[in-house]
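> dropping the sequence and predicted coords here.
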Amino acid sequence: MKLISAIIKPHVLDDVRDGLAKAGVQGLTVTEVKGFGRQKGHTEVYRGAEYTVDFVPKAKIEAVVADDLVEAASNAITQAARTGSIGDGKVFVSDVGQAVRIRTGELGDDAL
Amino acid sequence: MKLISAIIKPHVLDDVRDGLAKAGVQGLTVTEVKGFGRQKGHTEVYRGAEYTVDFVPKAKIEAVVADDLVEAASNAITQAARTGSIGDGKVFVSDVGQAVRIRTGELGDDAL
Amino acid sequence: MKLISAIIKPHVLDDVRDGLAKAGVQGLTVTEVKGFGRQKGHTEVYRGAEYTVDFVPKAKIEAVVADDLVEAASNAITQAARTGSIGDGKVFVSDVGQAVRIRTGELGDDAL
Amino acid sequence: MTNTLSRRVGRYALLLLGLVLLPSAAFAQEVSQEMFTVNNTWMLVATFLVFIMHLGFAALESGLTRAKNTVNILFKNTAIIAIGLLTYAIVGFNLMYPGDFSLGEFFGFAGFGLDPGAEGNTSAYNPGYTYYTDFIFQGMFAATAATIVSGAVAERIKLGSFLVFTTLYVAVIYPIAGSWKWGAGWLDQMGFYDFAGSTLVHSVGGWAALAGVIVLGPRLGKYVDGKVRPVAGHSMPLATIGVFLLWLGWYGFNGGSVLSADPALVSLVFVTTSLAAAAGVIGAMAASWGLQHKPDLSMVLNGSLAGLVGITAGADTVGVASAVVIGLVAGVIVVGSVLLLDRAKLDDPVGAISVHLVCGMWGTLAVGIFSTNPEHAFLTQLIGVLAYGVFCFIAAFVIFFALKASLGLRVDAEEERLGLDVGEHGMEAYGGFQITQA
Amino acid sequence: MTNTLSRRVGRYALLLLGLVLLPSAAFAQEVSQEMFTVNNTWMLVATFLVFIMHLGFAALESGLTRAKNTVNILFKNTAIIAIGLLTYAIVGFNLMYPGDFSLGEFFGFAGFGLDPGAEGNTSAYNPGYTYYTDFIFQGMFAATAATIVSGAVAERIKLGSFLVFTTLYVAVIYPIAGSWKWGAGWLDQMGFYDFAGSTLVHSVGGWAALAGVIVLGPRLGKYVDGKVRPVAGHSMPLATIGVFLLWLGWYGFNGGSVLSADPALVSLVFVTTSLAAAAGVIGAMAASWGLQHKPDLSMVLNGSLAGLVGITAGADTVGVASAVVIGLVAGVIVVGSVLLLDRAKLDDPVGAISVHLVCGMWGTLAVGIFSTNPEHAFLTQLIGVLAYGVFCFIAAFVIFFALKASLGLRVDAEEERLGLDVGEHGMEAYGGFQITQA
Amino acid sequence: MTNTLSRRVGRYALLLLGLVLLPSAAFAQEVSQEMFTVNNTWMLVATFLVFIMHLGFAALESGLTRAKNTVNILFKNTAIIAIGLLTYAIVGFNLMYPGDFSLGEFFGFAGFGLDPGAEGNTSAYNPGYTYYTDFIFQGMFAATAATIVSGAVAERIKLGSFLVFTTLYVAVIYPIAGSWKWGAGWLDQMGFYDFAGSTLVHSVGGWAALAGVIVLGPRLGKYVDGKVRPVAGHSMPLATIGVFLLWLGWYGFNGGSVLSADPALVSLVFVTTSLAAAAGVIGAMAASWGLQHKPDLSMVLNGSLAGLVGITAGADTVGVASAVVIGLVAGVIVVGSVLLLDRAKLDDPVGAISVHLVCGMWGTLAVGIFSTNPEHAFLTQLIGVLAYGVFCFIAAFVIFFALKASLGLRVDAEEERLGLDVGEHGMEAYGGFQITQA
Ligand SMILES: Nc1ncnc2c1ncn2[C@@H]1O[C@H](COP(=O)(O)OP(=O)(O)O)[C@@H](O)[C@H]1O
Ligand SMILES: Nc1ncnc2c1ncn2[C@@H]1O[C@H](COP(=O)(O)OP(=O)(O)O)[C@@H](O)[C@H]1O
Ligand SMILES: Nc1ncnc2c1ncn2[C@@H]1O[C@H](COP(=O)(O)OP(=O)(O)O)[C@@H](O)[C@H]1O
C-alpha cells in the first residue's frame, strides 16, 4: 500500500475527487492547509501598514491505495489539478505498512 | 518508530485519546479533516437549489510510537473508535526514520 | 527524498519558515493542528462548570526535501522553534518514494 | 363600541390611582390632541423598541449555543414573532383584554380579529394611545413569552413541534394568563401588581421553559457520569449584541408600560430600569468572580438581564436605591440559579429559566417589599406568583407532553450530534468556516 | 422663499385629502407649536430608523455572500450612505422636489444645495416638520435605492465602477423618478399612489439591480452544465441581524411616510406593516417548506422583507386583513421569484430583485386592489409600475453598459476566485479564522 | 430644592441665548405640559440612542482586535456601562453639576446620590426634561468616556486594573472636567463652547487613551525591528456593526444635546451630524485610497466616526456647508493620525486616540473657525482644548502609573500570546471555530 499525498489548489478539489473516484480510489481524506513555495502570496494593507501574506491556501488530499493503483491515482490527480500556472502543487508517494478498517477490523488492501 | 495515523469520527476523539494514553502513548497530534468514502454526506438546500455535501467531518490522529507500542496503540484506537456504523474510519501505520524533540534535541524513541 | 514533519508552537512559524528557506528548502505546507503531550492545556470555566482544555494549538510543517538537505532542514527547524519550554514540539523524518510537480510533471528532486 | 373602550380601563385604573399620588400627574382622562399625539408617539417608539428585543433574543440564544444549531434558533425566533403577531391579532388581544369575563374573572373573549370601533383612533379610546397602538404594543409583548422558551429548549427540540407549541402558548395560554391582571381579571382586583411583566411575561415564558426542559431532558453529553460537561456557546459577540439589544428594548418594554409619555413616570422608569440592569451586572460579576474565580462574561450578560427582569414588576413604583438593590440581588440570584439548575440536571443552554422565571419571581415579590405604594402587599404578590406558576407550568407541561406523544418532541441522537441546522433545515449557518463537529 | 414651501405641498395634497376621510384627521395646516414639535420629533425618529436600514442592508448582504467578499460589501454600503446623503444635499433633494417642473411634469430642478429660507424652521413650511427634517428624512431614503443594487451585483463588480454607478443613480435617476410622484409630477397628478415607496424606492432600486445582474452575468461557478450550484452565504446570524434591523427601520420608513405623528395613521401603519411582515414570513415558510421540503431560513428572511416591501405602497390605505393578504402573497411570490430567476440564470446573490422589484410591483398593484380609497385604481397603478420600469431599467442599463465599456465592470476571474476583499481592498474580513477558499 | 434647579441653569444660559437668535426659538422658560412632555420624550429617546453607543463601542473594539481577546473586550464594555451608570448616580452627576462651586469654579460637589426635589418632575426644573431624565441622559454620556479608553488599551491590559481605572476616571475625573463647561464652571464663563462634547466627552476619553497607551507600551510583535507589523482585527462585520450603531447613537448624542425637542435646532443638528459623518467617510476614503493605494474599510469606518466627533462641538452652531468641511477634514486627519501614531510607536489597536482625541480637538477648534455665533472665538476654544488636555492627561497618567506600580497594569507575555480571554476569563469567544493562534 502507498499513501498518495497531494497538495492542490482548493478550487480543483471536486475535480480531483472525481478523477480519483474514476481511477478506482474509494476513500480519501482532505485537509485545509497553507502552502509556501514558488507561488507568491499577496500584499495586504491594514491601517496604513503594508504586509505580505506569504502563505497561499491549499488543499491536501491523502489517499492510501493498493500498489497497483498508485500510477493511475497519481495521474488522475495531476490531470485534474493541472491548471498550468505556478502553484498547482505536488503529489508525494510513500509507503504504508498496514491499514485497518476500524469498523470491521479488516486489514491491508481490504481495509481501504 | 512508526507513525500511526487514524481517521476517526470527531465525537470519539476524547475516548481515543484516553485509550491511547492508557496504552502508553504520551503524545499525539490532531487535525480536523474532511473525509470521503463509503459513508455518504447529506443533502442541503439553499435558496431552492439542492446539493450534496459529500465530505463528512473527521478527525485525524497522528502519533509516532516506538515499534513495540504499535500493536497496542492500534488496538486502542480501533476499540475506542468503533461504533459499528459506516464511517468509523481507518488506522494506517508507516515507518518513521527519525524523531527529534525540539526542546532538548533528544533523538529516536527518547524524543517521543 | 524525505518528508520532514515538524510540530511546533504557532508563534514561531515565521521564524521556522525563514530558517528553512535559508537552509535551502523552497517549499513547505503548514497545517493547523491541536497537540496533546507533556505540555498541559488550561482550565476554562463556562457557566459555573470547570473543564480542562487538553489540546494546545500547534502548527504542523511538512516539507519534502532531497536527502542531502535533511540534516540542514531538521537543524534549521529545531533552532528556530526552540524556546526551551515544554511543548516546543518534535521533528519527524520519513521516506518519500516519489514526488511529482503537478504543473510540469517533473519527478523526484526536481519536483520539490 | 364603548365595550372596547371599557375593557381596557381596568388596566390603568390602578395606574391612574398611582399617578394621583405623584406631583406630575397633570393629565386626566381628557387630554388635548397634542398630548394624545405625544403619548401615542411614545407608545409607538416603545413598540419598536420591544420589537427589537426579538433580535436580541435571537442573537443571545444563538450566541450561547453551538454553531451547528444556529440556523435552527434563528429560524425559530423569526417564526415566533410572525406567529405571535398574527395569532395576537386573531385571538390573543381579545382574550387578554376581554372586557367582560365569561368564566369568573378567569376567562373571557371579545371575539376574533381587530376592530377599532368608532373611538379607536381618538383619545376617547384612551388618553395614551389609539386602538391600533394598543394592539401592536401588546402584540410585541406577546411573542416575547414564546421566545423565552426557545432558548431553553434549544439544540434538541423538533422544529415542527416547537412551532405548534409556540402557536398554542402565545395564542391561548399567554393571553388568558395576562387577562387575570392586565385584562382586569381576578388578580388585578385582588391588588396584585406587575408593572410591565416580571410575572405576566417573563415568568409566563419561564414556566414554559422549565416544563420544556423537563419533558425534553438534557442535551446529549451535558451530564456524564454525574458531572456537568459545559457546552460552550459558539459566539460571545453575538450573545453580547443580543443582551445589549434586549437592554435597549427594555426601555420600551418598561418605558412603554407607563402607557403614556408622562415625563415623571417614564423618566423614573428609565432610571430604575437602567440602574437595576447595571446593578445586575455588578451582582453577577461579583458572584461569578467569587464562585468561579474567573469573571464569566456569559454570567455577567445574564446578570444584566436578571436585573432587568427583576425591576420589571416594580419599575414605576420603587425608589432608585431599591432598584439598585433589586438588580444587585437579581444578579447574584441568577448566577446561583444557573449553578443549581445544573446540579438538578435541568439543562437550559442559555439560562432562560434563571433569568426569566427565577428573577421574574424575585422581581414580582420585590414589589411587595420595596414598593412605595402602600397598597402593594407581599402576600398578594406571592399569590400572583403561585397562581401563574400553577397555571402556566401545567399548561405548558400538558402541551409539551401531548406533542411528545404525538408528533414527537426531540430529534434523534444522530441529528442532535450532526446539528439541527443540517437535520431540520438542510443548511449551515456559517459557509466556509472550519467548525469543529463534536 | 414661498417657492420652497409650495413645491412640497403637492406631496401631501392627496395625503391631506385622505386624512379628511378619516375620523381622526384633527390637524389642519395650522398647527400649534406643540403639535409641530411632536410631529417633527416623530419625523426625526423615523429618520434614524431609516438610517439603521443601511446597517441592515450591509449585514444582510454580507451574510448572504461569501466570507471572501465581505469587506467589499461592507465598504460599498458604508460608501453608499455617505455618497447618498451628500449628493442628495447637493442636487437630489432639489431634483426630487423641484417645485416647478421645467420639462413637462417630468423634470425640474430647484438649484444646488440646501436653503431652508425664512419659513423653513416653522410650521408654515409644513405642519409636520422643518425644512431640514424634510431633507434628512428624504436623504436617508435616497441612499436606500442604491443599497438595494449592491447586494444583487455583489461578489463580482469592480468597486470603482460600482461607486460611480451609485453616485449617478442616487444623485440623478432616483430623484427624477421620485419627482414624478412625490415631487407632484405627472404620475401624482394622474392619481398614482405609492405611500412610502414600494415603487419609488424599492422598484427603482430593483430595476437597477436587474440591469446590473444582466450586464454583469452570473458569478463563476453558479450555473454549470445547466445546473444551479448554490453559493451559500457565509453567516446566517449576520443575515438575520440584517433582516431584523431592516424590519425595525421599516417602522420609520413607513411610519415616517405619514409625514406627521398623526396617531390614527401612524398606528395603523405600524399595524399593517407589522402584520404584512409577519404574513410574509409565514408565506415564505409555507412556500419554502412545500417546494424545498426543508424550511429555508434565507427564504423566510426574504419573506419578511417581501411582506414589508409589499405593504409599503399601501400601508396607510389598506385594511388590516388586506395587509395580511398582501404580506402572505408577497412571501409566496418571493420564493417563486428566487427560483425562477435562477432558472433564467439571473444570478442575484441576496434575492434583491425578488424582494425589492417583484414585491415592489406587487405592492404597488395591490393598492389598486385593496385600497379603501376609491380613487386608487388598478390601471393607474399599473401605468406607474410600467413607467418606472421603463425609465429606471433603461437608465441603469445604459450606465452599467457605459461603465463596462469604459472602466470595466467586472473583476477578473482570478480576483473573483480569490475574493474581492483581497483584490479590491487588500484586506480580509476575518482575521485568524480558518476559512475555506474555493 | 431650587438649588438643584439653579445649578443646571448655567448649562443652557448660553444655549438659550443662542436660541433667541434663531427665528424658531418659540419656547421660553415657561412651557405647556404638552411641550414639556414632548421635550422630555425626545430626551429619553436620545438617552436610549446614547445607550446603544455602548454596544457600538463593544462591537467596534472587538471587531478591530483579535479573536483571542474578544471576551475580554466585551466584558470590559459591559462592565463600563454598569460602573458608569452607578458611579454617576452616586457621585458623578453631583460633581458635574455641583450648582455651587467650592474651589474657584473648578470643583464643586452637591452631595451623594440622586434627589429630584419637589420640582424635579415638572417643567419648573427645566422646560426640556425632568430631573431623572437629566440624570439618565448625562449618565449615558459619562460611561462613554471610559469606553473610549477600552479600545486603545485592548489586548494587553489587566482586567482588574482597567476596572479600577474606569471607576476612578468616570466617577471623578470626567465629571470634574465636565463641570468646567457644562456645570457652568470657569470655561463656560469664559465663553468656551462645546455643544455635545467633542472635548468634554471625546477628548476627555482620548487623553486617557493616550496616557494608557504610553504607560502600557505596544502589543507584543506590533513594532519589530523598527517596522510596523499590522495586527489585523478579527471581524470586519463586527466593526462595521459597531460603527453604524455609533453613528445611530450620535443622533441622540448630538440631537439630545439640544436639551429639548426644538424642531429647528434638532433638525439642524441631524443634518450637520449626518453630513459630517458622510463627509468623514469620503475624506478617509480619499486619504486611504491615495496613501495606501487600496481603500481600507477600517479607515473609512474610522472616518465616519472622525466626522461625527468633529461635528460634535459645533453641530448646532455651524452651517451645513461648514459641517461638510469639518467632516471632510476630520476624515483626512484621522487617516494621517493613525499613520503618525504608528510611526511614534504608540499602539492604539482601534484608532481611539485618532478618532476621539485628535478629531475631538479639531472639532472644538473648528467651532472657533466656522461658528455662526460671533461670540465663539478660536482662542477661547484653544484654551479649553489645552486645559482639558493638561488636566485629563495628567490625571489619567497618574492613575495608570499608580496602578502599574501597585496591582500591575499589563498581563504577562505568555498570557498576551495566549489571549486575555483564556488568561483573564478562562473562556473563549468562539466555540468550535478553528482560529489561528499566533
Ligand atoms: N518541498 C515541499 N514540501 C512540501 N510541500 C511543498 C513543497 N514544495 C511545495 N509544496 C507545496 O506545494 C505548493 C505549490 O508549490 P509552488 O512551489 O508554489 O508551485 P508549483 O506547484 O508550481 O511548484 C506550495 O504552496 C506548498 O504547499
Ligand atoms: N483509502 C483511503 N485513504 C485515506 N483515507 C481514507 C481512505 N478510505 C477512507 N478514508 C477515510 O476514512 C473515512 C471513513 O471511511 P468510509 O469509507 O466512509 O467508512 P469505513 O471507515 O467504515 O470504511 C473517510 O471519510 C476518509 O476520511
Ligand atoms: N508521539 C507523538 N506523535 C505525534 N505528535 C506528538 C507526539 N508527541 C508529541 N507530539 C506533538 O508535539 C507537541 C509537543 O509535545 P510535548 O510533549 O507537549 O512537549 P515537548 O515537545 O517539549 O516534548 C504535542 O502537543 C503534540 O502535538
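Received it, and whenever you're ready, just let me know what you need. Residues are numbered from 1 along each chain as shown, chains lettered A, B, ... in the order given. Ligands and ions are numbered 1, 2, ... in the order given.
> would stretch D:55-75 count as contacting chain E?
Yes - Stretch D:55-75 is in contact with chain E by C-beta under 8 Å from any C-beta of the partner chain, via D:Leu55, D:Ala58, D:Ala59, D:Ser62, D:Thr70, D:Val71, D:Leu74, D:Phe75. The C-beta positions use only the backbone N, C-alpha and C, and glycine is treated the same way.
> so where do the helices sit in chain A?
In chain A, the segments counted as helices under DSSP state H are A:13-22, A:70-81.
> endpoints of stretch D:95-102, how far apart?
Start and end residues of stretch D:95-102 are separated by 11 Å (C-alpha to C-alpha, to the nearest Å).
> what comes up buried for that stretch?
For stretch D:95-102, the neighbour count (16 or more other C-beta atoms under 10 Å in any protein chain shown) marks D:Leu95, D:Met96, D:Tyr97, D:Pro98, D:Gly99, D:Phe101 as buried.
> show the model's pLDDT score for the third one.
So the one you mean is D:Tyr97. Looking at D:Tyr97, its pLDDT is 95.
> so what's the backbone phi/psi at it?
phi -120, psi 70 (degrees, to the nearest 10).
> identify the residues contacting the residue sitting furthest away from the middle of chain A.
Distance from the centre of chain A peaks at A:Gly48, with 36.9 Å (C-alpha atoms, centre = their mean). For A:Gly48, the contacting residues are F:Val228, F:Ser288, F:Leu291, F:Gln292, F:Asp296, F:Met299, F:Val335, F:Val338, F:Leu339, F:Asp342, by C-beta atoms under 8 Å, 6 or more residues apart in numbering or on different chains.
> quickly note the distance from it to D:Leu248.
34 Å (C-beta to C-beta, to the nearest Å).
> returning to that earlier point: now the buried residues of stretch D:95-102 in a markdown table, with secondary structure?
Rendered in a markdown table, the data for those read as follows (DSSP: H, G, I helix; E, B strand; the rest coil):
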| residue | secondary structure |
| --- | --- |
| D:Leu95 | helix |
| D:Met96 | helix |
| D:Tyr97 | coil |
| D:Pro98 | coil |
| D:Gly99 | coil |
| D:Phe101 | coil |
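> list just the nearest of those residues to chain B.
The nearest member of the buried residues of stretch D:95-102 to chain B, counting by C-beta to the nearest C-beta, is D:Leu95 at 37.4 Å.
> can you classify D:Asn72 by secondary structure?
Look at D:Asn72: counting by three-state DSSP, its state is helix.
> next, the contact list for it, please.
D:Asn72 sits next to D:Ala154, D:Leu159, D:Gly419, D:Leu420, D:Asp421, D:Glu424, D:His425 when contact means C-beta under 8 Å, 6+ apart.
> surely the third one is in contact with D:Thr65?
Yep, that's D:Gly419 we're talking about. No - counting by C-beta atoms under 8 Å, D:Gly419 stays clear of D:Thr65, with 10.1 Å between them.
> which of those two has more neighbours?
Taking neighbours as other C-beta atoms under 10 Å in any protein chain shown, D:Gly419 and D:Thr65 compare with D:Thr65 leading, 27 against 23.
> quick one: that one from ligand 1, how far?
Noted for D:Thr65: a distance of 36 Å to ligand 1, by C-beta to the nearest ligand atom, to the nearest Å.
> pretty sure that residue sits against D:Gly233.
Yes - assessed by C-beta under 8 Å, D:Thr65 is found in contact with D:Gly233 at 5.8 Å.
> show me the common contact partners of those two, please.
With C-beta under 8 Å, 6+ apart as the test, D:Thr65 and D:Gly233 both reach D:Pro349, D:Val350.
> below-threshold pLDDT in the stretch 301-438 of chain D: ranges please.
The stretch 301-438 of chain D contains residues with pLDDT under 70 at D:437-438.
> in it, what residue is nearest ligand 1?
Residue of the stretch 301-438 of chain D nearest ligand 1, by C-beta to the nearest ligand atom: D:Gln434 (17.4 Å).
> so that residue makes contact with F:Gly432?
No - using C-beta under 8 Å, D:Gln434 makes no contact with F:Gly432, being 9.3 Å away.
> tell me which of the helices of chain A lies nearest to ligand 1.
Among those, the nearest to ligand 1 by C-beta to the nearest ligand atom is helix A:70-81 (9.4 Å).
> off-centre distance for the closest one?
Chain-centre distance of helix A:70-81: 10 Å, with C-alpha atoms, centre = their mean, to the nearest Å.
> need the contact partners of it.
Residues contacting helix A:70-81 (C-beta under 8 Å, 6+ apart): A:2, A:4, A:6, A:8-9, A:12, A:15-16, A:18-20, A:22-25, A:61, A:63, A:65, A:88-89, A:91, A:93, C:98, C:100, C:102, C:105.
> show me those that map onto strands.
In this view, those that belong to strands under DSSP state E are A:Lys2, A:Ile4, A:Ala6, A:Ile8, A:Ile61, A:Ala63, A:Val65, A:Val91, A:Val93, C:Gln98, C:Val100.
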